[in-house]
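Chemist: I would like the atomic coordinates for the input below:
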Amino acid sequence: MVSPHEYARSQQPAFLEQLKELIRIPSVSTNPENAGDVRRAAEWLAADMRRIGMDVEIVDTPGHPIVYGEWLGAGPDKPTVLIYGHYDVQPAERETGWDTDPFEPVIKDGKLYARGSSDDKGQMFAQLKAVESLLLSDAKSPVNIKFLAEGEEEVSSLHLGEFVTANRERLKADVCVISDSGILAKDQPSIVYSLRGLTYMELHVQGPDKDLHSGGFGGGVHNPAQALCELIAALHNPDGSIAVPGFYDDVLPLSAQEREEIKKTDWTEEEWLRITGVPQVWGEAGYSLRERIGARPTLEVNGLLSGFTGEGAKTVLPAKAMAKISCRLVANQSPQRIYELVRDYIAQITPPTVRSEVRLLHTGEPALVDLNSPAIQLAITAYEKGWGKTPVFVREGGSIPIVADFQRELGLPVILMGFGLDTDGAHGPNEHFDIEMYYRGIDTAIYFLQEAAKL
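Modeler: Numbers count the residues shown, from 1 in each chain. As a prediction, the model looks like this:
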């Protein structure tokens, strides 16, 4: 009798080579030139799922394909686990700071360097290899498995929400698990139980109908670039809080239990200065660094554009100015309502000397998981068995909008089980995934599926 864990250990070299093969496909979803590669990655993944005995369909969308596979051999009276991941990746080019070809995996110091190694091919593949270990070992899976992999996560999951809404019955499950996050340290697993949502906007300010000579008109025309800066400055209070009326109305207060959990993983000021390189800590008073990042909403300026920015001098008074603005939102906040509050406040404070417009680009819902849910207890046990240590709980400052879709449309508890590290360099040059973490992740995912039989 070969157990799933024995099977996984015996297949480690093969699992690593398979991951390398998938990584070599440059499935960059944001670049139209890579559309064929994205489909090729979907077909490769579907073929691997079929090989281990799953029923698989490649679902075409107006964008990139969704790969859906299922194994329902445990029976209708057994629990079902929905596993989600994404096979698309961020752009990567050697000249942007990579030491090696980003799509040719290289192993250095026990780490696999390549685009997608951690985000999210490596972590998603750890889940699939856990499924393989259950299906092809002598034990078989004690739960039914549904596996959903998309090719558009890096472009805001443009079509996955529609698929989920249209396939509620097909995707019905008892719990959903996602490995697209990080843990605190190699020797300290953690569970993300909260993700922030997103409202992304552009603020446009228009002054004169065309650019003007600053010598001939400066002093008599309110410069749109200056007006834009004045508007942006008015969006925050001196203490770092957001000045938009009503912005915090729907924010759920932190419980004493949550604050105690967050305190376990907080940064010291010295650590924060070293990590960020900033000269001093900044942010909303009355909250720790971890709380500011995971439990409080933010309003950030992501980009500014106005006037002449080339080499040398051009004394222009620009006709217009634009800022990209994002709001990270916490549980119970509505992205649409936040957009309306920001829009209305900017309209109220815009001086009569210029015209302003706030345009909504896209949104994502925040998500929160009950720390005391049975599904969370399964994840705790799985980490304890796979990692040998009890995980701590953290709130994540980033966004995975599909989590809220799963909660809302499918009524599912969603568990975020990361196997990578925050230092893996996701989205940046020299992204990597610790090979030991890959193997531990497979083991932990097997334990989770075994524990899920208790649901």
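Chemist: which stretches of the stretch 51-200 of the chain form helices?
Modeler: Taking DSSP state H, counting those that start in this stretch as the criterion, the stretch 51-200 of the chain contains helices spanning 121-136, 160-166.
Chemist: Any idea how far the longest one is from the middle of the chain?
Modeler: What it means is helix 121-136. Centroid separation for helix 121-136 versus its chain: 20 Å, with Cα atoms, centre = their mean, to the nearest Å.
Chemist: Equivalent analysis for stretch 36-56, please.
Modeler: The chain centroid and the centroid of stretch 36-56 are separated by 23 Å under Cα atoms, centre = their mean.
Chemist: repeat for stretch 140-158
Modeler: 14 Å.
Chemist: Burial-wise, tell me which of the helices of the stretch 51-200 of the chain comes out on top.
Modeler: Most buried of the helices of the stretch 51-200 of the chain by mean neighbour count (mean count of other Cβ atoms under 10 Å) is helix 121-136; its value is a mean of 26. The C-beta positions use only the backbone N, C-alpha and C, and glycine is treated the same way.
Chemist: Redo the helices of the stretch 51-200 of the chain as TSV? Include distance to residue 403.
Modeler: Shown next, in TSV, are the helices of the stretch 51-200 of the chain (distance: least, Cβ to Cβ, whole Å):
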stretch	distance to residue 403
helix 121-136	15
helix 160-166	11
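Chemist: Tell me which of these approaches residue 193 most closely.
Modeler: Closest approach to residue 193 among the helices of the stretch 51-200 of the chain is made by helix 121-136 (17.5 Å; Cβ to Cβ).
Chemist: Can you give me the distance of the nearest residue to residue 210 once chain neighbours are set aside to residue 192?
Modeler: Using Cβ to Cβ, 6 or more residues apart in numbering and skipping residues adjacent in sequence, the residue nearest residue 210 is residue 319, 5.3 Å away. Applying Cβ to Cβ, to the nearest Å, the value for residue 319 to residue 192 is 45 Å.
Chemist: of the two, who's got more company?
Modeler: A side-by-side neighbour count of residue 319 and residue 192, using other Cβ atoms under 10 Å, places residue 192 first with 25 against 18.
Chemist: separation between the residue nearest to residue 210 and residue 288?
Modeler: The spacing between residue 319 and residue 288, counted by Cβ to Cβ, is 44 Å.
Chemist: Are there helices or strands packed against the helix or strand of the chain with the lowest mean pLDDT, and which ones?
Modeler: Sorting the helices and strands of the chain by mean pLDDT, DSSP states H and E puts helix 401-405 at the bottom, at a mean of 87. If you count contacts as 3 or more Cβ pairs under 8 Å, 6 or more residues apart in numbering; DSSP states H and E, helix 401-405 packs onto helix 160-166, strand 197-206, strand 355-364.
Chemist: ok, the last one: who's next to it in the sheet?
Modeler: It refers to strand 355-364. strand 197-206 (antiparallel) (DSSP bridges).
Chemist: Looking at the partner strand now, give me its mean pLDDT.
Modeler: For strand 197-206, mean pLDDT is 97.
Chemist: Please apply the same query to stretch 442-455.
Modeler: 97.
Chemist: ok, and what's touching that stretch?
Modeler: Identification of contacts with stretch 442-455 by Cβ atoms under 8 Å, 6 or more residues apart in numbering yields 4-5, 8, 15, 78-79, 81, 126-127, 129-131, 133-134, 141-143, 145, 174-175, 177, 179, 189, 374-375, 378-379, 381-383, 385-387, 415, 417, 419.
Chemist: Report the buried members of these.
Modeler: Listed as buried from the contacts of stretch 442-455 are 4-5, 8, 15, 78-79, 81, 126-127, 129-131, 133-134, 141-143, 145, 174-175, 177, 179, 189, 375, 378-379, 381-383, 385-387, 415, 417, 419; burial here means 16 or more other Cβ atoms under 10 Å.
Chemist: Quick one: residues contacting the residue lying closest to residue 387 once chain neighbours are set aside.
Modeler: In space, and not counting its chain neighbours, residue 387 is closest to residue 189: 4.6 Å by Cβ to Cβ, 6+ apart. For residue 189, the contacting residues are 183, 383, 387, 389, 391, 392, 444, by Cβ under 8 Å, 6+ apart.
Chemist: Using a markdown table, lay out those residues together with distance to residue 66 and secondary structure.
Modeler: Converted to a markdown table, the contacts of residue 189 look like this (distance: Cβ to Cβ, whole Å; DSSP: H, G, I helix; E, B strand; the rest coil):
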| residue | distance to residue 66 | secondary structure |
| --- | --- | --- |
| 183 | 27 | strand |
| 383 | 29 | helix |
| 387 | 31 | helix |
| 389 | 35 | coil |
| 391 | 30 | coil |
| 392 | 33 | strand |
| 444 | 26 | helix |
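Chemist: Just the buried ones from those, in PyMOL syntax?
Modeler: The following PyMOL line selects those of those that are buried, judged by 16+ other Cβ under 10 Å:
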select buried, resi 183+383+387+391+392+444
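Chemist: Tell me which two in the contacts of residue 189 are the farthest apart.
Modeler: Longest span within the contacts of residue 189, Cβ to Cβ: 392 and 444, 15.2 Å.
Chemist: in which helix or strand would I find the residue of the chain most remote from its centre?
Modeler: In the chain, the greatest distance from the average C-alpha position (Cα atoms, centre = their mean) is reached by residue 216, at 49.2 Å. Here residue 216, judged by DSSP states H and E, is contained in helix 214-217.
Chemist: Which neighbouring elements make contact with that helix?
Modeler: Here helix 214-217 touches strand 316-317, going by 3+ Cβ pairs under 8 Å, 6+ apart.
Chemist: in the next helix or strand after the strand it packs on, what's buried?
Modeler: Note on strand 316-317: by DSSP H and E, the next helix or strand toward the C-terminus is strand 320-329. Using 16+ other Cβ under 10 Å as the test for burial, strand 320-329 gives 320, 321, 322, 323, 325, 326, 327, 328, 329.
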